[in-house]
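>>> quick one, what's the 3D model for this:
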Amino acid sequence: GSEVSILSKGVSYQMSAIPTTLKVLVAAPPGGGKTFHGLTYPKVAYFGFEPNGLDTLRSNPQLQKNLVLSEEFVPSADEDIKGLFDRLMKALQLARQYAKDGKVETLFADNYTMLAEYRWAYINQYEKQMSSKTGNVDTQAMYGALRMWLIDFTLKQIVSFPGNTVISVHELREGAEEMSEAVYKDAPIQPNILGSFRQRLPQLVSAYIALDVKQIAPNVYKYLAYCTKSRERMTKNRYGLPPVIEDISYDKIISTLNGNTVPAVPA
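Sure thing, here's the model as predicted:
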């Protein structure tokens, strides 16, 4: 956004005014429209952690105009897991440079469910920790390392991206044991991410939106986005979006921010 000057103890600083970019977490089961939503944003740098995520463009060619950069980061027999993460960091540097040059406006990380599993494989191969007491693998400490890496990576590389950020993720329903320790007892559906980071991720974005698909006739579907706490999820948004939006897209969100209210859709 624009900048404003402040004076504190005789020292002038420049502080950002109201941000103009969107930081969005989109959650849904497979086929829920996550990739489609992310590709409605302008000048997208697509980072795919799910195999063949860009197949969505085959059935929705109108989205191709939004894609500037794309690369998949999926383990294969031809690349060590360390090489995958080295390539990821280099690609993020390129995307940031493209953003500074005005060529990219959106970073789309699709999807965090898979990214966390790949990092867990990396930790098991390169950062395995052993218990000093038992001599066995210290799984709890390794999950802690996974959580800290995901927090650091998300803050430094994803949500701080100089543009829009979209993160997609699958969902899971927490078991009774996990819910007994949960802060929000009425939100059993969480982002499907290994370890406790799934409870932290929604705090790092400005909107946590859950997508759902309803069949209303043969071969006719309605795509709904839940933007406020509802349907057993701690969904939220700081943008003033209505509780439910049909066929949510970047343009609909921006229209709402500009004062053109999108009518709420009955659930």
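
>>> other SSEs contacting the top strand by length along the chain?
In the chain, with assignment by DSSP state E, the single longest strand is strand 207-217. Counting contacts by 3 or more CB pairs under 8 Å, 6 or more residues apart in numbering; DSSP states H and E, strand 207-217 packs against strand 23-27, strand 220-226, strand 236-237. Just so you know, the C-beta spots here come from the backbone N, C-alpha and C atoms, and that holds for glycine as well.

>>> can you mark which positions in it are buried?
The neighbour-count check on strand 207-217 (16 or more other CB atoms under 10 Å) flags 207, 208, 209, 210, 211, 212 as buried.

>>> give me the contact list for that strand.
22-28, 31-34, 37, 171, 189, 202, 221-227, 231, 233-239, 241, 248 (CB atoms under 8 Å, 6 or more residues apart in numbering).

>>> narrow these to those that are buried.
22-28, 32-34, 37, 171, 189, 202, 223-227, 233-237, 241, 248.

>>> all helices of this structure, in order?
Using DSSP state H, the helices of the chain run over 34-38, 56-59, 81-100, 112-126, 139-153, 176-180, 197-200, 250-257.

>>> worst average pLDDT in these?
Of all the helices of the chain, the minimum mean pLDDT falls on helix 176-180 (a mean of 61).

>>> is it true that residue 239 touches residue 255?
No. Counting by CB atoms under 8 Å, residue 255 is not a contact partner of residue 239; they are 11.2 Å apart.

>>> so who does the nearest residue to residue 199 once chain neighbours are set aside touch?
Of all residues not flanking residue 199 in the chain, residue 190 sits nearest, at 6.6 Å (CB to CB, 6 or more residues apart in numbering). Counting by CB under 8 Å, 6+ apart, residue 190 makes contact with 171, 172, 173, 174, 198, 199, 233.

>>> 7 Å - rerun?
172, 174, 198, 199 (CB atoms under 7 Å, 6 or more residues apart in numbering).

>>> likewise for residue 98?
Per CB under 7 Å, 6+ apart, neighbours of residue 98: 45, 68, 69, 104.

>>> any chance you could list what contacts stretch 24-31?
34, 37-38, 165-171, 191, 201-202, 205, 207-213.

>>> gap between residue 34 and residue 105?
19 Å (CB to CB, to the nearest Å).

>>> just so I know, which of the helices of the chain lies nearest residue 49?
With CB to CB as the criterion, residue 49 lies closest to helix 112-126 of the helices of the chain, at 4.1 Å.

>>> list the helices and strands that closest one packs on?
Applying 3 or more CB pairs under 7 Å, 6 or more residues apart in numbering; DSSP states H and E, one finds that helix 112-126 makes contact with helix 81-100, helix 139-153, strand 164-169.

>>> burial count for the residue nearest to residue 92 when sequence neighbours are not counted?
In space, and not counting its chain neighbours, residue 92 is closest to residue 157: 5.3 Å by CB to CB, 6+ apart. Residue crowding around residue 157 was assessed by other CB atoms under 10 Å; the count is 19.

>>> change the start of the numbering to 306 and stick with it
Okay, using 306 as the starting number, the last item reads as residue 462.
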